[in-house]
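>>> Here's my sequence, what's the structure:
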Amino acid sequence: MSHGKIRIEKNCLNCGHEVEERFCPHCGQENVETRQPFYYLFTHFFEDFTHYDGQFWGTLKNLLIKPGKLTSTYLEGKRQKFVPPVKLYIFVSFITFFTFALFPMLNINLADRKDAGNSDKASFFEKMKTAETKKILDSIKAEKNLSKQDSATVKKLNTLLSDSTKINDFEETLEMDKKIDDDVNYGGYKTRKSYDSAVTKNPSALDFIRIPLAHKFFELKEKGVTKAEIIKNLAEKSFHNMPKALFIYLPLFAFFLWIFHNKKKWWYFDHGVFTLHYFSFLLLNILFIFLIAKLTSVIDIGFINVLLYLLITALLLYSMMYFFIAHHRVYHTHGVISFIIGVILFTINFFAFMILVTGLALVSFLMIH
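Sure thing, here's the model as predicted:
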């Protein structure tokens, strides 16, 4: 319920009708003062969800622990008790991606890699540490009679040296701080001119995809962009495009539901409501998993981390089970039939979404500057 101050005047500012109490009986607008404190702009949005008869919290409870309940209730015509599907999805999307923006999933620090001098110093000290470790190891091995403690020390040092070598080899293989080499080619061509010449001679049906990708590759190569910068930009662009991709996929998901159900009994609108609720649940579940994963990187207590990882596993399994439970409860199909349809829909949507994600990655790559 809004906490705005009620106006002394009893005329509705929206339609002009007389207002006896707080809300206009004609249009429903609240008869409160038009000028409010600055914080009202931020609190009013959340009040719509949290202060109206517990509508938001009741919606969350049913969405998370009662798969299919919101959809069934909404389709029965009981639509004042819970937050409307579209409003719920928009709010959950906003909270989820706002949280992701505050706590980035991928953090690549390019500044540290650009300073070649510092990099050389770091590698110098690492080499010194490795050399000292080898000296200690050789001195212990030189002794004729090794105790159990010495043998254990030798084993640990060998493991450390092996791991250090693997890490260094991995970093050298990636060469994140290096630019795209001149001898690196795209489809066998090292320059844009040679590539365009070959495409002109041998056109293909896939040129509408291949040519923009090739031109972007040669553009980045000419600019001297490093691998780390490409990965960082690709991750950022993909992240910003993800909400759009999910929104685009909503009607496609509902369309697949429409194909596999009785067209007379279930309208496309019904499948759209189911999809909005299911996607809202998925976004919330992804948000919970993300926050718990962040906790594991902060908390360094063994048994607590084990519990957190078990919780993440449980949420992942619940995400898979949720669709089958919700589908069975909403569409009232036989258990076996519901499961078979669910598996088919799951498979189709998995491959369709992978295609969308691949397209998203390509678009993100083309948007790199």
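>>> where's Leu284 relative to Ile312, distance?
Using CB to CB, to the nearest Å, one obtains 14 Å as the distance from Leu284 to Ile312. The way it works is simple: take the backbone N, C-alpha and C, and place the C-beta from them, glycine included.
>>> Oh, that last question was meant for Thr191, not what I typed.
47 Å.
>>> same question, Gly16
56 Å.
>>> Show me how this structure divides into domains.
Following the assignment in automatic domain parsing, the chain carries domains at 1-36, 45-108+226-369, 111-175.
>>> Check which residues of stretch 74-83 are buried.
74-75, 82-83 (16 or more other CB atoms under 10 Å).
>>> Which residues does that stretch contact?
Counting by CB atoms under 8 Å, 6 or more residues apart in numbering, the neighbours of stretch 74-83 from elsewhere in the structure are 49, 55-56, 58-59, 62, 70, 73, 85, 88, 91, 270, 273, 330.
>>> which is the next helix or strand following the helix or strand that Phe217 is a member of?
Using DSSP states H and E, the element containing Phe217 is helix 207-223. Scanning forward in sequence from helix 207-223 by DSSP H and E, the next helix or strand is helix 227-259.
>>> and Thr333, what is it in contact with?
Residues in contact with Thr333 (CB under 8 Å, 6+ apart) are 327, 341.
>>> any idea whether it is helix, strand or coil?
Assigned with DSSP: H, G, I helix; E, B strand; the rest coil, Thr333 falls in the coil class.
>>> Quick check: the gap between it and Lys265.
Remark: distance between Thr333 and Lys265 (CB to CB) = 11 Å.
>>> Counting neighbours, go ahead and name the busier of Gly16 and Ile312.
Here Gly16 and Ile312 are compared on neighbour count by other CB atoms under 10 Å; more neighbours surround Ile312, at 17 against 10.
>>> List the buried residues in the one helix or strand that one maps to.
Secondary-structure assignment from DSSP H and E places Ile312 in helix 302-331. Along helix 302-331, these residues count as buried under the neighbour rule (16+ other CB under 10 Å): 308, 312, 322-324, 326-331.
>>> can you pull out the helices in this protein?
Using DSSP state H, the helices of the chain run over 40-50, 55-65, 69-75, 85-102, 111-114, 116-142, 148-174, 192-201, 207-223, 227-259, 268-298, 302-331, 335-366.
>>> Pull the third one out as PDB, backbone CA atoms only.
Once side chains and other backbone atoms are set aside, the C-alpha atoms of helix 69-75 remain, and they are given as PDB (Å, rounded to 0.1, in the frame of the first residue of the first chain):
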ATOM      1  CA  LYS A  69       0.400 -23.000  -9.500                       C
ATOM      2  CA  LEU A  70       0.700 -19.400 -10.700                       C
ATOM      3  CA  THR A  71      -0.200 -20.400 -14.300                       C
ATOM      4  CA  SER A  72      -3.200 -22.500 -13.300                       C
ATOM      5  CA  THR A  73      -4.500 -19.800 -11.000                       C
ATOM      6  CA  TYR A  74      -4.100 -17.100 -13.700                       C
ATOM      7  CA  LEU A  75      -5.800 -19.200 -16.400                       C
END
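>>> mind listing what's buried in it?
Within helix 69-75, the residues that qualify as buried are 69-72, 74-75, counting by 16+ other CB under 10 Å.
>>> same thing with the second one?
In terms of neighbour count (16+ other CB under 10 Å), helix 55-65 has its buried residues at 55-56, 59-60, 62-63.
>>> In TSV, list these along with distance to Asp207 and pLDDT.
Conversion of the buried residues of helix 55-65 to TSV gives the following (distance: CB to CB, whole Å; pLDDT from 0 to 100):
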residue	distance to Asp207	pLDDT
Gln55	53	78
Phe56	50	81
Thr59	49	90
Leu60	49	90
Asn62	51	93
Leu63	46	94
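>>> Including distance to Glu33, could those residues go into JSON lines?
Written out in JSON lines, the entries for these read as follows (distance: CB to CB, whole Å):
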{"residue": "Gln55", "distance to Glu33": "24"}
{"residue": "Phe56", "distance to Glu33": "25"}
{"residue": "Thr59", "distance to Glu33": "29"}
{"residue": "Leu60", "distance to Glu33": "31"}
{"residue": "Asn62", "distance to Glu33": "35"}
{"residue": "Leu63", "distance to Glu33": "35"}
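>>> out of those, who's nearest Ile8?
For Ile8, the closest of the buried residues of helix 55-65 turns out to be Gln55, at 29.5 Å, with distances computed as CB to CB.
>>> Check the spacing between the closest one and Tyr195 real quick.
From Gln55 over to Tyr195 the distance is 58 Å, taken as CB to CB.
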